[in-house]
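Trainee: the following comprises the amino acid sequence and a computationally predicted model.
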Amino acid sequence: MVHHITSYDDSVKQAWDAFVPTTQAGTIMHSRRFLEYHGKRFEDESLCIWSDPGVRLKAAIPLARAPNTTDVVASHPGSTFGGMIANVIDPSERASILSAVAGTLLERGYRKLVYKTVPAIFGQQFDESDLRLLLRAGTVRRADLWSFIRVDRAYAFSAKRRASIKAAERKGVLLRQGQQEADWVAFHTLLCSNLQERHSTVPVHSLAEMLDLRRRLEGENQLWLAYGPDGEILAGTWCFAYNAETLHTQYIASNPRGRELGAVDYLLAGVIDATAASSFKVMSFGINTLSDGYAINTNLLKQKLRFGSGVAVHWHFDVDLEQLAKADAGFS
């Protein structure tokens, strides 16, 4: 099977971003709109795989040189998700494409690929066929537990969670969606205070980056805020529409008074119900594992489970490109 592989450049930006929503597991984080907010921070090595040279994309893989390395490429160091996105599910064809991609990267001097999958629950069809090939050609780097709720099906909050939500409502907690830039500024201030107080850290995104992403992803990100009866912002969550079916809580923050009043429970319950009433099918809550991808943040996981969430795995692999290029995919 012949695959026409070219490097990504700005001339195919429009085609790339039009292709992402048509693919099996494409998300907003695979789009150039998102990836290019990093500017020149990463050395881009993204590849386009064409059915016909320069005419019709059949796969794409966002890539960049791994920081502080010369022979390691990652998919993608600036994104939660990476991996190959394609409009084909046929495991034999996907294996053939990945093998050809490995050959191209070897020619460029790379020896290892850090490969991040997309949790299968976010795909248009449930598909984990790539895992068998990645396990054959590489090793598991980390395996994060990822929480989600299927809002297109019946879901139920735990009794403890329902009691907390009702208590917050009695105490006058209110919910609304942020619309103005000032709302994002206020949320970022809340987020900084929350992270500093509880974890002695700062947000991954600066205020300038948050406002830049808000603009880049206009119509595909939401800000929800919970207020006290006196108008004080108690809690908030910044959400990304990963794709047409999945809304993800990128950040969740509250202040001490918000925690006393149960504002986070009230906030998340309202966002979940609003998501269920929309065209989305999945509400994503992100990972529950710590820095090594193995140790579990038990309290965080329990909090999400009490909203009725399920758990998927977000796989990361260290892939030997020589092994991937010549791997026997097992098809006769």
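Mentor: Now that the structure is in, tell me what you want to look at.
Trainee: packing partners of the one helix or strand Arg161 maps to?
Mentor: Element membership for Arg161, per DSSP states H and E: helix 159-170. When contacts are defined as 3 or more Cβ pairs under 8 Å, 6 or more residues apart in numbering; DSSP states H and E, helix 159-170 sits against helix 263-276. From N, CA and C alone the C-beta is placed, and that goes for glycine too.
Trainee: partner strands of the helix or strand following the helix it packs on and their direction?
Mentor: Next along the chain after helix 263-276, taking DSSP H and E as the criterion, comes strand 282-287. Applying DSSP bridges, strand 282-287 is found paired with strand 138-150 (antiparallel), strand 246-254 (parallel).
Trainee: strand 282-287: which residues count as buried?
Mentor: Val282, Met283, Ser284, Phe285, Gly286, Ile287 (16 or more other Cβ atoms under 10 Å).
Trainee: so which of these comes closest to Asp265?
Mentor: Closest to Asp265 out of the buried residues of strand 282-287 is Phe285 (13.2 Å), distances taken as Cβ to Cβ.
Trainee: contacts only, for the closest residue to that closest one other than its chain neighbours.
Mentor: Excluding the flanking residues, the one nearest Phe285 by Cβ to Cβ, 6 or more residues apart in numbering is Ser147, at 3.9 Å. Counting by Cβ atoms under 8 Å, 6 or more residues apart in numbering, Ser147 makes contact with Ser284, Phe285, Gly286, Ile287, Asn288, Leu301, Lys304, Leu305, Ser309, Gly310, Val311.
Trainee: can you give me the helices in the stretch 101-250 of the chain?
Mentor: Taking DSSP state H, counting those that start in this stretch to define them, one finds helices in the stretch 101-250 of the chain at 130-137, 159-170, 181-199, 207-216.
Trainee: most tightly packed of those helices?
Mentor: Counting by mean count of other Cβ atoms under 10 Å, helix 130-137 has the highest mean neighbour count of those, with a mean of 19.
Trainee: would you mind getting the angle between that one and strand 138-150?
Mentor: Angle, helix 130-137 to strand 138-150, by axes from the mean of the first three to the mean of the last three Cα atoms, to 10 degrees: 160 degrees.
Trainee: could you dump helix 130-137 to CSV, C-alpha only?
Mentor: The C-alpha trace of helix 130-137 is given here as CSV (Å, rounded to 0.1, in the frame of the first residue of the first chain):
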residue,chain,number,x,y,z
ASP,A,130,-3.5,0.9,17.3
LEU,A,131,-2.7,-0.3,20.8
ARG,A,132,-1.7,-3.8,19.6
LEU,A,133,0.8,-2.4,17.2
LEU,A,134,2.2,0.2,19.7
LEU,A,135,2.6,-2.5,22.4
ARG,A,136,4.6,-4.6,19.9
ALA,A,137,6.9,-1.8,18.8
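Trainee: now for that helix, which elements pack on it?
Mentor: So helix 130-137, by 3+ Cβ pairs under 8 Å, 6+ apart, packs with helix 91-107, strand 310-320, helix 321-326.
Trainee: repeat that for 10 Å
Mentor: In terms of contacts (3 or more Cβ pairs under 10 Å, 6 or more residues apart in numbering; DSSP states H and E), helix 130-137 is packed against helix 91-107, strand 112-116, strand 310-320, helix 321-326.
Trainee: give me the contacts around it.
Mentor: Here helix 130-137 makes contact (Cβ atoms under 10 Å, 6 or more residues apart in numbering) with 25, 83-84, 86, 91, 94-95, 97-99, 102, 113, 115, 117-118, 120, 128, 140, 313, 315-330.
Trainee: right, and the helices and strands packed on helix 130-137 - which one's nearest Lys166?
Mentor: strand 310-320 (24.5 Å).
Trainee: residue contacts, Thr189?
Mentor: Shown in contact with Thr189 (Cβ under 10 Å, 6+ apart): Leu207, Ile233, Ala253, Asn255.
Trainee: let me have those in TSV, adding pLDDT and distance to Arg136 as columns.
Mentor: TSV is the format used below for these (pLDDT from 0 to 100; distance: Cβ to Cβ, whole Å):
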residue	pLDDT	distance to Arg136
Leu207	94	44
Ile233	96	50
Ala253	93	42
Asn255	95	49
